[in-house]
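Visitor: okay, here's the prediction I keep looking at, along with the sequence it came from:
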Amino acid sequence: MSQRIKKAVFPAGGLGTRFLPATKVIPKEMLALVDKPIIQYGVEEAIHSGIEHIIIITGRGKGAMEDHFDHSFELDTTLERRGKHELLAVSKQVASLARISYVRQKEPLGLGHAVLCAKDLVGNEPFAVILPDDVIDAEVPCLKQMMDVFEEKGGSVIATQTVEGPAISAYGVLAGETDPSNPRLFNTTGMVEKPKYEEAPSKQAIIGRYILTPRVMGLLEETKPGAGGEIQLTDAIRALLKEEKIYGYNFAGRRYDAGDKFGMLEATVEFALKREEFGERFRQYLKGLRL
Ligand code: G1P
């Protein structure tokens, strides 16, 4: 039987230059999608999937994330004094979401390097990686879907989405074949980070959810800078493929690239429309715009 996945690593040390000037002072992971910071969606997905320990990789200027997931004495006392019990519950709930550890990535050397920063905390057990920019709306949490595959198959599992056309070159891309017994499962034989469109080995783009065996940490230590001069997670997983089986999993759900302005706008509109308190009013508002 495979080991249960208890830990999830959240690389959140990046500079967020795509969102300047908003991210000059505020970490991009703290930008609000409707009324919740982007990273909280990922943390909630992890918890709803059964994760017990969250490891956030931070960097300079990212302290707001730690404050967000902590108790806010002044805020909580003020809300209590004013009798704002519902808001107090929201504030307290965020602080009690999960057991969270923080590791500082001192230099932005790439996604692979960020994951490697969690080596000591992860230890010798399989673990999850969640890229907080990828916000996923799904009936069954994406990570839970992948855990089910891991439990059944036992190898590392990478979330994928089918991407048509030249847009594929913004992603890591898997090589291999769809499993004949399950159209969501992809038997992986290779992978490449941000290939040219003409050289992409398939349409299966890597989305920011991974279940990895601990061996990947040793391989990350040996990984040289790749695409964009950064230490790439994709390159270390490709090395892992020489030793272990790896599956792609084309999860059921909708992914938003909240690290991109347009993706963030799409997510904002669609998440707002789903809100009970004002979804209908927002729908009427949108309908009334002369587009
Ligand atoms: C990272 C990964 C890439 C993956 C993407 C998904 O790239 O390196 O393989 O396809 O996330 O969002 P980034 O978007 O950080 O450049």
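Guide: Sure, I can see it.
Visitor: OK, contacts around the residue nearest to Asp133 when sequence neighbours are not counted?
Guide: By the measure of Cβ to Cβ, 6 or more residues apart in numbering, the closest residue to Asp133 outside its immediate chain neighbours is Gly259, 3.2 Å from it. Where C-beta positions appear, they are placed from N, C-alpha and C, glycine not excepted. For Gly259, the contacting residues are 16, 18-19, 28, 133-134, by Cβ atoms under 8 Å, 6 or more residues apart in numbering.
Visitor: make JSON lines out of these and add neighbour count and secondary structure.
Guide: Compiled in JSON lines, these are given as follows (neighbours: other Cβ atoms under 10 Å; DSSP: H, G, I helix; E, B strand; the rest coil):
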{"residue": "Gly16", "neighbour count": "20", "secondary structure": "coil"}
{"residue": "Arg18", "neighbour count": "16", "secondary structure": "helix"}
{"residue": "Phe19", "neighbour count": "18", "secondary structure": "helix"}
{"residue": "Lys28", "neighbour count": "24", "secondary structure": "helix"}
{"residue": "Asp133", "neighbour count": "23", "secondary structure": "coil"}
{"residue": "Asp134", "neighbour count": "23", "secondary structure": "strand"}
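Visitor: do you know the pLDDT at the closest residue to the ligand within the chain?
Guide: Across the chain, no residue is closer to the ligand than Gly172, which sits at 2.5 Å (Cβ to the nearest ligand atom). For Gly172, the model assigns a pLDDT of 96.
Visitor: burial measure for it, as a count.
Guide: 25 (other Cβ atoms under 10 Å).
Visitor: that older thread, sort the contacts of Gly259 by pLDDT and name the bottom one.
Guide: By predicted confidence, the contacts of Gly259 are weakest at Gly16, whose pLDDT stands at 81.
Visitor: contact partners for that residue?
Guide: With Cβ under 8 Å, 6+ apart as the criterion, the residues that contact Gly16 are 23, 27-29, 259.
Visitor: the ligand contacts on the stretch 101-250 of the chain?
Guide: With the criterion set to Cβ under 6 Å from any ligand atom, the stretch 101-250 of the chain comes near the ligand through 111, 131, 134, 171-172, 193, 205-208, 232-234.
Visitor: show me where pLDDT drops low in the stretch 101-250 of the chain?
Guide: Along the stretch 101-250 of the chain, no part satisfies pLDDT under 70.
Visitor: redo that, cut-off 90
Guide: For the stretch 101-250 of the chain, applying pLDDT under 90 flags the ranges 108.
Visitor: what are the boundaries of the strands in it?
Guide: With DSSP state E, counting those that start in this stretch applied, the stretch 101-250 of the chain shows strands at 127-130, 134-137, 156-162, 172-179, 182-193, 204-212, 246-250, listed in chain order.
Visitor: include distance to Cys117 when you put those strands into a markdown table, please.
Guide: Supplementary listing: these in a markdown table, determined by distance: least, Cβ to Cβ, whole Å:
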| stretch | distance to Cys117 |
| --- | --- |
| strand 127-130 | 12 |
| strand 134-137 | 19 |
| strand 156-162 | 19 |
| strand 172-179 | 20 |
| strand 182-193 | 19 |
| strand 204-212 | 14 |
| strand 246-250 | 22 |
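Visitor: nearest to Glu266, out of these?
Guide: Set against Glu266 and scored by Cβ to Cβ, the strands of the stretch 101-250 of the chain come closest in strand 134-137, at 10.2 Å.
Visitor: may I have the closest one as CSV, with CA atoms only?
Guide: Output of strand 134-137 as CSV, limited to C-alpha atoms (Å, rounded to 0.1, in the frame of the first residue of the first chain):
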residue,chain,number,x,y,z
ASP,A,134,-3.0,27.9,-10.3
VAL,A,135,-6.4,28.2,-8.6
ILE,A,136,-8.5,25.2,-9.3
ASP,A,137,-12.3,25.0,-9.0
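Visitor: so what touches that strand?
Guide: Strand 134-137 is contacted by residues 33, 38, 41-42, 45, 142, 207-209, 251, 253-259, 267, 270-271 when judged by Cβ under 8 Å, 6+ apart.
Visitor: pLDDT wise, what is Met1 at?
Guide: 54.
Visitor: start the count at 884 instead of 1 going forward.
Guide: Noted, 884 is the first residue going forward, which turns the last one into Met884.
Visitor: what's the burial count for Gly1101?
Guide: Neighbourhood size, Gly1101 [other Cβ under 10 Å]: 13.
Visitor: now Lys1027
Guide: Lys1027 is surrounded by 17 other residues when neighbours are defined as other Cβ under 10 Å.
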